Structures are given as structure tokens and as C-alpha cells.
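[1] sequence first, then the predicted structure:
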Amino acid sequence: MPSFAALEAAGALIGEIRVVTDEIFDPDDPKENNFVFRAANAIHIKTKPAVIRGALLFRTGERVSVRVIDETERVIRATTTVYEVSIRPTRYEDGVADIEVRTRDTWTLQPNLRFRREGGVNTGALSIKESNLLGTATTLGIERNSSIDRAGTLVQLSNDHLFDGWTHLGFERGTFDDGTSASYRVNRPFYALDTRWAASAGLSTFDRRDKVFEGGNVVGDYRHFQHVGEASLGYSKGLQGRWTQRHTAGINYQSDAYEIDPAKPPPTAPPVDRTLAGPYLRYEAIEDDFLPIMNRDLIQRPEYLEMGLHSTVQVGRSLAAFGATEQPWQVSASLTKGFRLHGSHQLLTSASAGGQYGSSSGDVRAYGTSVRYFAPQKGSFLLYLSGALDMVQSPNAADDLLLGGDTGMRGYPIRFQRGTRRALFTAEERYYTDFYPLRLFRVGYAAYIDVGRAWASQIPNTSPGWLADAGIGLRVLSARASFGNVLHLDLVFPLNKPDATVPAHQLVVKTGKTF
């Protein structure tokens, strides 16, 4: 068969599109043809072909486009219910090409016992979630969890492929030992570079206790009530050349109220009740440049690094006519760009800025920048370097930046330092193995050094100065499960101990989405 590039050059039209959804394990592969894998296939309900068909960016009668087919594969691979995807021509005659789209499912029923230890604190969850209920891409789950701040139960129901195949409808309800939360959202996003319109509406609420940390200890406590609402409508002319530009208009609402419990230690500077509400405009520009690659943030799995320029600017105004108690301007901007360097090296950069100007309770400004550098070495070794600098200006001490075992410095207690300035640097040697135990997991190893500091807090730091730690770790990617988590198991040693609260070592156990 001709390649898609040759079909595009010949001006071929798309004929019949055949969608095939395969089981989790391939019975034609001797390594996957055993009783356990056959049983898993038997009790698993495959994704309905209509779900995959709804995610296709090409249609019968359109001209073959390599760019559109590549983007379709990228979009489908981002779907957690899919492990593999293959798009190929199967027949070409009289200028018409038939296409087969074949996917392989992941295991989507997730009974999960999660344990995490960071900064000397144990957290975890017990949950059961099905993210492809009856093969319809519906998520239904219930979780009992315990975090650094609270413990409770969370119920979730959502579907990402309703109506036109791209509309998300979601509901979430949480009941915790310090309050409750709820969220409702309907969203039709800009799902592809050539998408012409988007719309969304959402509402969320919570009441909870917020704690203020210093030196890993709670130094303040207050109850926080929040109501947030948002609605927006976006328009785009689609992909023009290498660029997509998007324009969005919307209205947002956020109300925050606080109560001080006389039985709890009050924060040094209690937050002030306020409501911000009003219209906003957002502009987004995206360059079509994505790099397919392996062994960066995942282990032996395809990835797509966004190398093109991606910028967003949003300007809004809070107005009394919308119920606001203050009327500041609200401005935010972000920029990301990737660079291809010598020897298949990649440099990913990002910057962001945001703020409120003209607020009666004081202006808030935040700035951040980060870099990530991937340097492949001999064999399956890779040197990973990262750095981040952040700054915040706010009259509210609760807006301070945190640094500790759960915020970048793996060898220290949680939220060990705080400040209006923060710097964090990491050097990590990674090894991505070919080890594929049980045809379920991918394995990697890491050795690293972290260096960081948070300073200039409104609350005097009890542990000032630079922090540094070194550690070694095991990484295990759950390759065949829809949640695709990476297990991190690390032994970390602080290289300096500002006070006696810092233990000689930390055992870190957690799960994440990346290496």
C-alpha cells in the first residue's frame, strides 16, 4: 500500500473508515496468551468503536492529510482507555483510500490501594474506579483518602465523549473530616488545532480548614468557604499554516469567606473576605510542532513533547455589577517553547505571570519560570536537569510559596520552608530498562540531587537558608492500566540539616504521572 504521504501527494480521498477495538492482551502473542490474560480479556468490556470513531479528526470524503492523521493518533493516545493505536491505509483504488483505525484497550477497572510517604508524613487512599464503564468512556468512582490536610470520601461521575464526541460532562462530590466539596462542569474544548469553537460552564464549592505551615509545623488555622463559577465561549479560524489562534470571552465568579476558630491557632494575618466577579477576554496562539519520542517522562511508551510556541494572555475586570466586593483588573499570561538541541537533546521552557491590580485589599502578583533539559546518553541512560524560579507579592501570608518534602525537596519534612521567593533545581540521572515484568509494568531507576530555598516570608522562617538532598529511586510504570501511574520509591538523604526536625533520611513512596 502507498504511504499516507504518497496518498496525500496524489490527492487521494478518504473512503471507508473501519474502526477496530482490540482487547487488553493480544492472544496471538505467545507472551500474552495465558489463562490470566485471557481471563482479564473475558471480564473486560471493550471500548465501543463509536467512541473511537467520534475522536477521529478525519471523515469519509475528505482528502488524505498526514498532519491530520498524525494529530488524530496523538489525540487518541492521550485517551487513558487506549494502550496502542494504529492508523493505516488498507485499500487504494480510483483515487480513494480506505483506512483502518485499530486500538488496544487498557485495563480500566481500578481497585486501588495508594500509599504515599513524603516529608515524614503518610498519606494514601482506597478507591475503586471504572474509567470506561460498559465501553462508553464513562468514569464512575469512589475514593476514601487521607492527605496532609484532610481525610474523606470522594465520588466522581463523568464522560469525556458525549453528544458530538468531544463534550465533557462531570460531577464530583466530597465529604471530609473538615468540610465538603462539590463541582459540576460541562465543557466542549478546543480539542484539536483545527477546532473552530469551544464552550464551557462550571460551578464548584467547598468549605474546609486551611492550615498555615512553617518549619513543617502548623502555625495557623482557619475555616475557608469558597464558591466559584465560570462560563465561556471561544472561537477560532482553525489551523492556518503552522499556527492556530483562539479567542475566548467569558464570565467568572469567585467568593471567598473565612472564619477564625477561637479553639485553633489563628494565622498571623487572617485573610479578608472578598468576592471577585466579572467578564474576561483570552487570546491563545499555538504553533503546530510536536515531537514524538520515547523515554522522557514515561518508560518505553510513546510521548509527544510540545516544541512549538504556545502563548496565552487573559485580561478581565471584576465589577460591582456582577456582585464583586472589589473591582481590580485581573491579568495573566503564560508562554511555553521547546528547543531541539544537538544530539537529540531537548530543552523545554515556560514562563508565567499573573496579578490583580487596583484591589482595595492590596494587589497580588505572581511570576514563575522553569526549564527542563533532556540529555540522552549511551544506551538507555538520560541526564535530566530542571530549574524553577517563582515569586509572589501578596498582602495575604497564605499566598506564600512552600518548599519541602511534598513541594520539591524530597529529603525534608513537608512544607518545611515558606516565602515570597522560591528557587528549586534538580539534576537526575535516569535509566530506562527494557524489563517488562508480567507484560504489565515498565521499570526505571534514578539518582538525583535537589537544591532549593524559599525565603522572604511574611512569617519569619524558622529554618532559613539553602536546602540540598541526594537520593536514589525506583520507578515502575503501570503500562496496561488506564490510570498509567508511575510508582516512585526513593531513599533520600538531606545534605544539610538546619534544625533537629530534619531526619537523617526520608523514605518517599508516591505515585505520579511522570518519571
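    Nice, thanks for sending it over. Residues are numbered from 1 along each chain as shown.
[2] what's whatever helix or strand Leu335 lives in packed up against?
    Per DSSP states H and E: Leu335 is located in strand 329-341. Here strand 329-341 touches strand 274-287, strand 302-306, strand 310-317, strand 345-357, going by 3 or more C-beta pairs under 8 Å, 6 or more residues apart in numbering; DSSP states H and E. Backbone N, C-alpha and C define where each C-beta goes, glycine included.
[3] switch the cut-off to 7 Å
    Applying 3 or more C-beta pairs under 7 Å, 6 or more residues apart in numbering; DSSP states H and E, one finds that strand 329-341 contacts strand 302-306, strand 310-317, strand 345-357.
[4] quick one: buried residues of the helix or strand where Tyr222 lies?
    Using DSSP H and E, Tyr222 sits within strand 217-240. Buried residues in strand 217-240, counted by 16 or more other C-beta atoms under 10 Å: 219-224, 228-230, 232, 234, 236, 239.
[5] can you list contacts of whichever strand or helix holds Asp390?
    Asp390 is part of strand 381-393 when elements are defined by DSSP H and E. Outside strand 381-393, the residues that touch it by C-beta atoms under 7 Å, 6 or more residues apart in numbering are 295, 364-377, 399-401, 420-431.
[6] can you rerun that using 8 Å?
    For strand 381-393, contacts defined as C-beta atoms under 8 Å, 6 or more residues apart in numbering pick out 295-296, 355, 363-377, 399-401, 408, 420-432, 515.
[7] what strands line up against it, and which way round?
    Here strand 381-393 is paired, per DSSP bridges, with strand 364-376 (antiparallel), strand 421-432 (antiparallel).
[8] after the last one comes which helix or strand?
    In this case it means strand 421-432. Heading C-terminal from strand 421-432 (DSSP H and E), you reach strand 441-455.
[9] same for that following strand, what does it pack against?
    Contact analysis of strand 441-455 by 3+ C-beta pairs under 8 Å, 6+ apart lists strand 401-403, strand 417-419, strand 421-432, strand 467-478 as its packing neighbours.
[10] ranking those by burial, who's on top?
    The highest mean neighbour count among the helices and strands packed on strand 441-455, using mean count of other C-beta atoms under 10 Å, belongs to strand 417-419: a mean of 27.
[11] can you list the strands that that strand pairs with?
    In the sheet, strand 417-419 lines up against strand 401-403 (antiparallel) (DSSP bridges).
[12] any chance of the helices and strands packed on strand 441-455 in a markdown table, with distance to Gly170 too?
    Shown next, in a markdown table, are the helices and strands packed on strand 441-455 (distance: least, C-beta to C-beta, whole Å):
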| stretch | distance to Gly170 |
| --- | --- |
| strand 401-403 | 29 |
| strand 417-419 | 33 |
| strand 421-432 | 32 |
| strand 467-478 | 23 |
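[13] any chance of TSV for these, columns distance to Val502 and mean pLDDT?
    Formatted as TSV, these follow (distance: least, C-beta to C-beta, whole Å; pLDDT from 0 to 100):
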stretch	distance to Val502	mean pLDDT
strand 401-403	13	93
strand 417-419	11	91
strand 421-432	17	98
strand 467-478	9	96
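[14] closest to Gly165 out of these?
    Gly165 sits nearest to strand 467-478 of all the helices and strands packed on strand 441-455, at 27.2 Å, using C-beta to C-beta.
[15] that closest one: partners in the sheet, and parallel or antiparallel?
    Here strand 467-478 has these sheet partners by DSSP bridges: strand 441-455 (antiparallel), strand 486-494 (antiparallel).
[16] which one, of those, ends up nearest to Leu203?
    Closest approach to Leu203 among the strands paired with strand 467-478 is made by strand 486-494 (32.7 Å; C-beta to C-beta).
[17] now do the helix or strand following the closest one: which elements does it pack against?
    Downstream of strand 486-494, the first helix or strand assigned by DSSP H and E is strand 506-512. Packed against strand 506-512 by the contact rule (3+ C-beta pairs under 8 Å, 6+ apart) you find strand 109-118, strand 467-478, strand 486-494.
[18] got the buried residues for the shortest one?
    Neighbour-count burial for strand 486-494, counted by 16+ other C-beta under 10 Å, picks out 486-488, 490, 492, 494.
[19] nearest to Arg104 among these?
    The shortest approach to Arg104 among those belongs to Val486, at 20.3 Å (C-beta to C-beta).
[20] I'd guessed the closest one sits against Thr511; true?
    Yes: the criterion here is C-beta atoms under 8 Å, and Val486 meets it with Thr511 at 6.7 Å.
[21] thinking again about what came up before, can you show me the CA trace of the strand holding Tyr222 as PDB?
    The C-alpha coordinates for strand 217-240 follow below in PDB (Å, rounded to 0.1, in the frame of the first residue of the first chain):
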ATOM      1  CA  ASN A 217       4.500  22.700  61.700                       C
ATOM      2  CA  VAL A 218       1.100  24.200  61.700                       C
ATOM      3  CA  VAL A 219       1.300  27.800  62.900                       C
ATOM      4  CA  GLY A 220      -2.200  28.900  61.900                       C
ATOM      5  CA  ASP A 221      -5.700  27.500  61.200                       C
ATOM      6  CA  TYR A 222      -8.900  29.000  59.800                       C
ATOM      7  CA  ARG A 223     -12.100  27.800  58.000                       C
ATOM      8  CA  HIS A 224     -12.400  28.700  54.300                       C
ATOM      9  CA  PHE A 225     -15.600  28.900  52.300                       C
ATOM     10  CA  GLN A 226     -15.400  29.200  48.500                       C
ATOM     11  CA  HIS A 227     -17.900  29.400  45.600                       C
ATOM     12  CA  VAL A 228     -16.600  29.500  42.000                       C
ATOM     13  CA  GLY A 229     -18.500  29.800  38.800                       C
ATOM     14  CA  GLU A 230     -17.400  30.200  35.200                       C
ATOM     15  CA  ALA A 231     -18.900  30.300  31.700                       C
ATOM     16  CA  SER A 232     -17.100  30.900  28.400                       C
ATOM     17  CA  LEU A 233     -17.400  30.800  24.600                       C
ATOM     18  CA  GLY A 234     -14.500  30.500  22.200                       C
ATOM     19  CA  TYR A 235     -13.900  31.000  18.500                       C
ATOM     20  CA  SER A 236     -11.000  30.100  16.200                       C
ATOM     21  CA  LYS A 237     -10.400  30.200  12.400                       C
ATOM     22  CA  GLY A 238      -8.600  26.900  12.800                       C
ATOM     23  CA  LEU A 239      -5.100  26.000  11.800                       C
ATOM     24  CA  GLN A 240      -3.700  28.500   9.300                       C
END
